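[1] build me a structure from this.
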Amino acid sequence: MMMIRLFALVLLASVFGPVFADIDAYPFDSLAQEQRFRTLVEEFRCPKCQNQNLADSNAPLAKDLRQIIYSKVKANESDQAIASFLQDRYGDFVLYRPPVKSSTLLLWFGPELALLTAITVLIWRWRRRAVVLPTALSDAEQARLQALLQEGADVRKGKSE
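    Got it, this is the predicted structure:
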């Protein structure tokens, strides 16, 4: 009976051990430091994972960057100094909100420009659309129309009788 319990314990440890082994634990001096760290790691993008922040990424590079941010927060470096360090090392890509400059203008104003272009094209096409105005019938067309109407009336009259 003891062997079965020991086997079950070893099995549980082997299955759930790796789940708990990968958690980063950072001791902070204050709750404010911890909150600042959490805000910073959520603010920066993982350079390897493309669209995950450093807090969500499990990439080795993200773990290294979390450790660097942790050490800089513990050293009481400013948020701007930490951001500058990461931006100098990894470029504007590491920022979820890159600065507005010539290389990022399309990123900042591209969606608005595309929407404005689409609206302009739609209005231009709507205005250029050919409008067919009814023209007056010639005397021959008018006589033919009257004949067709009379013929239709006669057919209806014949069916009703």
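[2] and the chain, what are its domains?
    The chain breaks down into these domains under automatic domain parsing: 24-98, 100-129.
[3] ok, and which of those has the densest surroundings?
    For the domains of the chain, average neighbour numbers computed from mean count of other Cβ atoms under 10 Å are highest in domain 24-98, which has a mean of 15. Quick note: C-beta positions are derived from backbone N, CA and C, even for glycine.
[4] next helix or strand past the lowest-mean-pLDDT helix or strand in the chain?
    Comparing every helix and strand of the chain by mean pLDDT, DSSP states H and E singles out helix 2-21 as the least confident one, with a mean of 64. Next in sequence after helix 2-21, counting helices and strands by DSSP states H and E, comes helix 31-43.
[5] and that next one, what does it pack onto?
    helix 60-74, helix 79-90 (3 or more Cβ pairs under 8 Å, 6 or more residues apart in numbering; DSSP states H and E).
[6] angle of the last one against helix 31-43?
    What separates the directions of helix 79-90 and helix 31-43 is an angle of 30 degrees, with axes from the mean of the first three to the mean of the last three Cα atoms, to 10 degrees.
[7] same list (the domains of the chain) but as CSV, adding distance to Leu137 and mean pLDDT.
    As requested, these are exported to CSV (distance: least, Cβ to Cβ, whole Å; pLDDT from 0 to 100):
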stretch, distance to Leu137, mean pLDDT
domain 24-98, 65, 88
domain 100-129, 25, 88
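[8] rebuild those domains as JSON lines, extending it with distance to Leu149.
    Converted to JSON lines, those look like this (distance: least, Cβ to Cβ, whole Å):
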{"stretch": "domain 24-98", "distance to Leu149": "68"}
{"stretch": "domain 100-129", "distance to Leu149": "32"}
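[9] nearest to Ala143, out of these?
    Counting by Cβ to Cβ, Ala143 lies closest to domain 100-129 out of the domains of the chain; the figure is 33.5 Å.
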